[in-house]
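Participant: Test case, fold it:
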Amino acid sequence: MLKMRLQRTGRKNDASFRVVVTDSRRGPKSGKHVDLLGSYNPKMNNVQIDGEKAKSWIAKGVQVSDTVHNLLVGQKVIEGKKINVLPRKSPVINEAKVKAEAEAAAAKEAKEAAEKAAAEAPAEEAAPEADVPAEAETEATPEEAPVEAEAPVEPEAEAVTEEAPAPEAEEPKA
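Facilitator: The predicted structure is shown next:
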C-alpha cells in the first residue's frame with residue numbers, strides 16, 4: 001500500500017521535510033520513494049506542494065498521513081477539516097478548583113431560580129390577590145433562604161487561598 005507522508009531532511013534542530021509517496025512497508029528515510037510531491041519547512045512556514053500530482057495520487061488510492069492531510073487542506077488542494085495530530089493527554093484536574101466552580105455554578109442557578117420566582121410571584125399576586133397572597137409569600141421565602149446560605153460559601157473558598165500565601169511570607173523572616 002502506498003502512503004503520502006513526510007520525509008525528514010535537514011540538519012539537527014533545523015528540520016525540513018519532503019512530501020513523498022512511498023511504500024508503507026519502507027521507512028521514509030530509505031530514500032526509495034515512488035514520487036516527490038513537494039517540500040515543507042516548518043521554521044519558515046513554507047509549503048510547496050504540487051496539487052495536481054497530489055490529487056492524482058489520492059485518486060489512485062494513496063493513503064495520506066494526518067500531517068500531510070492538514071498541509072493539503074491548508075493549501076486548499078483538498079477540501080475538508082484539519083485533523084488533530086497532537087497526542088491526547090488527560091487534563092490535570094485540581095479538585096479544589098472543580099469544587100469551587102461547582103459551588104459557584106450552583107449558587108448562580110439558585111440565584112436565577114430565585115429571580116424567576118420573584119418575577120413570577122408579582123404576576124401571580126396581581127390577578128388573584130384575595131386567593132393566594134399568603135401561599136406566594138411562603139413559596140418565595142424557602143427559595144431565598146438557600147441562596148443566602150450558599151452565598152457565604154464562595155468567600156470561604158477565597159479565604160483559604162488568601163491564607164495560603166501568609167505562611168510563605170513568615171518563612172523568609174525566620
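Participant: what kind of secondary structure is the nearest residue to Lys55 once chain neighbours are set aside in?
Facilitator: Residue nearest to Lys55 in three dimensions, not counting chain neighbours: Val77, with 6.6 Å by CB to CB, 6 or more residues apart in numbering. In this view, the C-beta of every residue, glycine as well, is placed from N, C-alpha and C. Put simply, Val77 is coil when judged by DSSP: H, G, I helix; E, B strand; the rest coil.
Participant: Counting neighbours, what do you get for Val77?
Facilitator: Applying the criterion other CB atoms under 10 Å, we find 19 residues in the vicinity of Val77.
Participant: ditto for Glu79
Facilitator: For Glu79, which is what you asked about, the neighbour count (other CB under 10 Å) is 7.
Participant: any idea of the pLDDT on Gln48?
Facilitator: Residue-level confidence at Gln48 comes out at 93, pLDDT.
Participant: ok, Gly27 - contacts?
Facilitator: With contact taken as CB atoms under 8 Å, 6 or more residues apart in numbering, Gly27 is in contact with no other residue.
Participant: what's the distance between it and Ile49?
Facilitator: Counting by CB to CB, to the nearest Å, the separation of Gly27 from Ile49 is 22 Å.
Participant: ok, now Arg5?
Facilitator: Between Arg5 and Ile49 the distance is 13 Å, computed by CB to CB.
Participant: what is in contact with the two at once?
Facilitator: Common contacts of Arg5 and Ile49 (CB under 8 Å, 6+ apart): Val19.
Participant: Run through the neighbouring helices and strands of the longest helix along the chain.
Facilitator: Determined from DSSP state H, the single longest helix within the chain is helix 95-126. Helix 95-126 makes packing contacts with helix 133-150, helix 153-163 when contacts are defined by 3 or more CB pairs under 8 Å, 6 or more residues apart in numbering; DSSP states H and E.
Participant: just to revisit the earlier point, ok, the residue nearest to Lys55 touching Val47?
Facilitator: No: taking CB atoms under 8 Å as the contact criterion, Val77 and Val47 are not neighbours in contact, 10.0 Å apart.
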